[in-house]
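**Q** Okay, predicted coordinates and the sequence, questions at the end:
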Amino acid sequence: MIYTCTFAPSIDYTAYLMHFESGALNRTDEVYYYPGGKGINVSRVLSRLGLKSRALGYAGGFTGRFIEEFLDAEGIETDFIDTGAITRINVKIKTGQETELNGPGPVLGEGQLEQLKEKVAAMAKGDWFVLAGSLPASVPIQFFKNLAVRCKERGIHFVLDTSGPALKGLLDMEPFLIKPNEHELGEIFGVEITTQAQAFHYASLLVDRGVEYVIVSMGGKGAIFASREQCFTAQAPAGKVVNTVGSGDSLVSGFIASYIQHQDPERAFRYGVASGSATAFRSDLCELADVERLLPEVTVTPIDKGDVTK
Ligand SMILES: Nc1ncnc2c1ncn2[C@@H]1O[C@H](COP(=O)(O)OP(=O)(O)OP(=O)(O)O)[C@@H](O)[C@H]1O
Ligand SMILES: O=P(O)(O)OC[C@@]1(O)O[C@H](CO)[C@@H](O)[C@@H]1O
């Protein structure tokens, strides 16, 4: 079973308008309400790619109910722990440029953390635990480390897609896959990363620290893949960008979906990049047909590890 875990889900209130002026009354043209949060996006894309998953995490209030009902209507199993508070609404403003306003995550007590621990304890060898999205700063990093240790001990694939101090704090837990974007990777090392060569250099340092697969997503510039054995670059296909929210999560889903079927990292990487771009070219997340159509347009090139320089 694939379990996704979103500590801070959201409703993504996505508004399209021609111009946005800060400090003025703006009226929107079209609006959409999507269930959001990185783990939830991973579950939604997996479902579109034909894979079952169970969405874990924390939700509450009328917004939490909206998310559960939406996922239920899409046939996605949920098992959220009640926060007793209203789950955040994140505002995504689309004017050609993309502006985001993300709310704070929930405040959690020990009992609520214990409940998640029990769910992870019940997972079995070969399962996947995808911990994605921001993690509340109030939860001690040791809590997440313990979850990662549990995954390692039980042969559960631990996929980590978070940012900031939580990402930095969990790198040494030997996750199976991490997928920072170029900014998140730069944050780990306190540098700015703009080229694939730089991304390779720093991704390789993470592989040396024990991460099995590192994918660095770079928006329209594509992505890079690094592991102990192989390195690849991928060029993203060209297309009309509509909404890139969730494109990174779609990359993670596409990778997992293909990897489960073929255990081939290169093939999974290509499928992941096609999934990421397919989402960038739609208002909501990608559908299987979009991914299959874009797949031949993704160029994956092997890189000699010896050629990886800054
Ligand atoms: N402008 C674009 N054109 C083509 N493909 C894109 C574009 N932006 C994103 N993608 C695709 O989506 C993948 C992930 O994008 P990105 O690096 O923006 O992820 P991210 O920052 O983690 O996104 P999010 O956090 O919103 O999910 C890229 O590797 C690429 O395949
Ligand atoms: O605030 P976080 O948890 O870092 O990111 C949350 C978020 O921006 O990420 C998803 C896209 O990846 C959106 O659905 C959601 O609104």
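**A** Okay, I see it. Ligands and ions are numbered 1, 2, ... in the order given.

**Q** from here on, contacts and neighbour counts on C-alpha atoms
**A** OK.

**Q** Just the element for the nearest residue to Ala121 once chain neighbours are set aside, please.
**A** Spatially, and ignoring its direct neighbours in sequence, Ala121 is nearest to Arg150 (7.1 Å; C-alpha to C-alpha, 6 or more residues apart in numbering). Element membership for Arg150, per DSSP states H and E: helix 141-154.

**Q** and that helix, what does it pack onto?
**A** The contact analysis (3 or more C-alpha pairs under 8 Å, 6 or more residues apart in numbering; DSSP states H and E) places helix 141-154 against helix 110-121, strand 157-161, helix 164-170.

**Q** gap between the first one and the chain center?
**A** Spelled out, that is helix 110-121. In terms of C-alpha atoms, centre = their mean, to the nearest Å, the centre of helix 110-121 is found 22 Å from the chain centre.

**Q** Next: the shortest one.
**A** Going by C-alpha atoms, centre = their mean, the spacing between the C-alpha centre of strand 157-161 and its chain's C-alpha centre is 10 Å.

**Q** quick revisit: burial of the residue nearest to Ala121, as a residue count?
**A** A count of nearby residues for Arg150, using other C-alpha atoms under 10 Å, gives 17.

**Q** That one and Lys119 touch, don't they?
**A** No. With contact defined as C-alpha atoms under 8 Å, Arg150 does not count as touching Lys119 (11.2 Å).

**Q** returning to that earlier point: roughly how far out does the helix holding Arg150 sit from the chain middle?
**A** 19 Å.

**Q** Could you give me the buried positions within that helix?
**A** 141, 144-145, 147-152 (16 or more other C-alpha atoms under 10 Å).

**Q** could you give the angle of it to strand 157-161?
**A** 150 degrees (axes from the mean of the first three to the mean of the last three C-alpha atoms, to 10 degrees).

**Q** Show residues contacting helix 141-154.
**A** By C-alpha atoms under 8 Å, 6 or more residues apart in numbering, the residues outside helix 141-154 that reach it are 117, 120-121, 124-125, 129, 157-158, 166, 169-170, 173, 175.

**Q** now with 10 Å?
**A** With contact meaning C-alpha atoms under 10 Å, 6 or more residues apart in numbering, helix 141-154 is reached by 113-114, 116-118, 120-121, 123-129, 131, 135, 155-160, 165-167, 169-176.

**Q** With just CA atoms, put that helix into PDB.
**A** Output of helix 141-154 as PDB, limited to C-alpha atoms (Å, rounded to 0.1, in the frame of the first residue of the first chain):
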ATOM      1  CA  ILE A 141      12.200  16.800  14.600                       C
ATOM      2  CA  GLN A 142      12.900  13.700  16.600                       C
ATOM      3  CA  PHE A 143       9.200  12.700  16.000                       C
ATOM      4  CA  PHE A 144       9.800  12.600  12.200                       C
ATOM      5  CA  LYS A 145      13.200  10.900  12.700                       C
ATOM      6  CA  ASN A 146      11.500   8.100  14.700                       C
ATOM      7  CA  LEU A 147       9.000   7.600  11.800                       C
ATOM      8  CA  ALA A 148      11.900   7.400   9.400                       C
ATOM      9  CA  VAL A 149      13.700   4.800  11.500                       C
ATOM     10  CA  ARG A 150      10.500   2.800  11.700                       C
ATOM     11  CA  CYS A 151      10.300   2.800   7.900                       C
ATOM     12  CA  LYS A 152      14.000   1.800   7.600                       C
ATOM     13  CA  GLU A 153      13.600  -1.100  10.100                       C
ATOM     14  CA  ARG A 154      10.400  -2.400   8.400                       C
END
